[in-house]
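Undergrad: after the sequence you'll find the predicted model.
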Amino acid sequence: SVSQLAPEEVLVRYNVSWVPPPARGLKSLGDSFPNLRVEYVDLLDRVGEVSRFRWRNVGRVLWIAVSTGVVRVPLAVMLCSSTLVFRWDPASARGCTLVRHTESVDLLSSLKSGGLRNRALANDLLLLLDARRPPGVPLND
């Protein structure tokens, strides 16, 4: 979504999503069999839940796939926003120039407050931040 905050300032809200590396095997399983349907689920509602790997859960996922024909694949979803500030510039071919661009990832506030307890979501956040980091910029910047 896009909203105008001021005459020269715009807020753009968007999400970024991908199948995280640990879930790619489930996606491949669903894609390999014509009688299985892949259903993507995001984990954003589980920010405060501690996640642990359990073989029992793997068995449950496989049982649901066999009994219902649906493979539920976790999808990494990050809610983000960009604030763009423009300066009107009649000399520019477009009539304006971008003077400031700031971005934020909503999950970072949960991380900073200590509310992010889900390991899978924390890994997804690290993957996003690492992929977006400009070359030569240290991880802690």
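TA: Perfect, I can see it now.
Undergrad: pLDDT below threshold where in the protein?
TA: Residue ranges of the chain with pLDDT under 70: 139-141.
Undergrad: in it, which strand is the longest?
TA: In the chain, taking DSSP state E as the definition, the longest strand is strand 70-88.
Undergrad: so what strands line up beside it?
TA: strand 9-18 (antiparallel), strand 37-42 (parallel), strand 96-105 (antiparallel) (DSSP bridges).
Undergrad: and the helix or strand following the first one, what does it pack onto?
TA: With elements assigned by DSSP states H and E, the helix or strand that comes after strand 9-18 is helix 24-32. When contacts are defined as 3 or more CB pairs under 8 Å, 6 or more residues apart in numbering; DSSP states H and E, helix 24-32 sits against strand 37-42, helix 55-68, strand 70-88. C-betas here are computed from N, CA, C, even on glycine.
Undergrad: mean neighbour count for these - can I get that in a markdown table?
TA: Output for those, formatted as a markdown table (neighbours: other CB atoms under 10 Å):
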| stretch | mean neighbour count |
| --- | --- |
| strand 37-42 | 14 |
| helix 55-68 | 12 |
| strand 70-88 | 17 |
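Undergrad: in a markdown table, list the ones you listed along with distance to residue 25.
TA: Putting these into a markdown table (distance: least, CB to CB, whole Å) gives the following:
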| stretch | distance to residue 25 |
| --- | --- |
| strand 37-42 | 12 |
| helix 55-68 | 10 |
| strand 70-88 | 9 |
